[in-house]
Structures are given as structure tokens and as C-alpha cells.
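K.L.:
Okay, sequence plus prediction incoming.
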Amino acid sequence: MADTTLDAKGLNCPLPILRAKKALKSMEAGQTLAIEATDPGSAKDFESFCNQTGNELVSSSEENNIYHFEIRKT
């Protein structure tokens, strides 16, 4: 289970990424952030975000047009 959860449903790029970045800033290394988003571009956005920041994209999935991500802060 994630340490923190972020509801980014209804938000369009770049807001889900910006909110995730803010949430991760207050977290400690090793903690995980679960994100739910509805923006179809968020899958590529979070993959790129993790590649650029060095955080780990633990999981990425989609169910009923809701995208689920889990990021581990490094």
C-alpha cells in the first residue's frame, strides 16, 4: 500500500505531474506515491517524469479510463 495517495482525476497535463512533484517533495526516499488520473497522456507523462527525476515508476495500469500509477521516491 502506498504511503501517500494523489487524486489527479479530471486534471489535464501538466497538472497531474506538477501535483505529483509537489507531493513527492514532502516525502522521504523509499516512500511510495499512488496516483489516479484520467488524462490519457498521463501514462507517457509519468514515465518521462520518472526517467527525468530518477524516481521509480513501480506500476502503471488503466482500468475504466482511470490511470493508476505508483512511484517510489529515490
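P.N.:
That came in fine, so what should we check first? Residues are numbered from 1 along each chain as shown.
K.L.:
In the chain, what residue spans correspond to helices?
P.N.:
15-25, 42-53 (DSSP state H).
K.L.:
Among these, which comes closest to Glu70?
P.N.:
For Glu70, the closest of the helices of the chain is helix 42-53, at 9.8 Å, according to CB to CB. C-betas here are computed from N, CA, C, even on glycine.
K.L.:
quick one: the closest one to helix 15-25, angle?
P.N.:
40 degrees (axes from the mean of the first three to the mean of the last three CA atoms, to 10 degrees).
K.L.:
What helices and strands are in contact with helix 42-53?
P.N.:
Applying 3 or more CB pairs under 8 Å, 6 or more residues apart in numbering; DSSP states H and E, we find helix 42-53 packed against helix 15-25, strand 56-63, strand 66-72.
K.L.:
okay, these in a markdown table with distance to Leu6, mean neighbour count and mean pLDDT next?
P.N.:
What follows is the helices and strands packed on helix 42-53, written out as a markdown table (distance: least, CB to CB, whole Å; neighbours: other CB atoms under 10 Å; pLDDT from 0 to 100):
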| stretch | distance to Leu6 | mean neighbour count | mean pLDDT |
| --- | --- | --- | --- |
| helix 15-25 | 5 | 17 | 97 |
| strand 56-63 | 14 | 13 | 97 |
| strand 66-72 | 9 | 20 | 98 |
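K.L.:
With Ala2 as the reference, name the closest of the ones you listed.
P.N.:
strand 66-72 (6.0 Å).
K.L.:
what is the orientation angle of that closest one with helix 42-53?
P.N.:
10 degrees.
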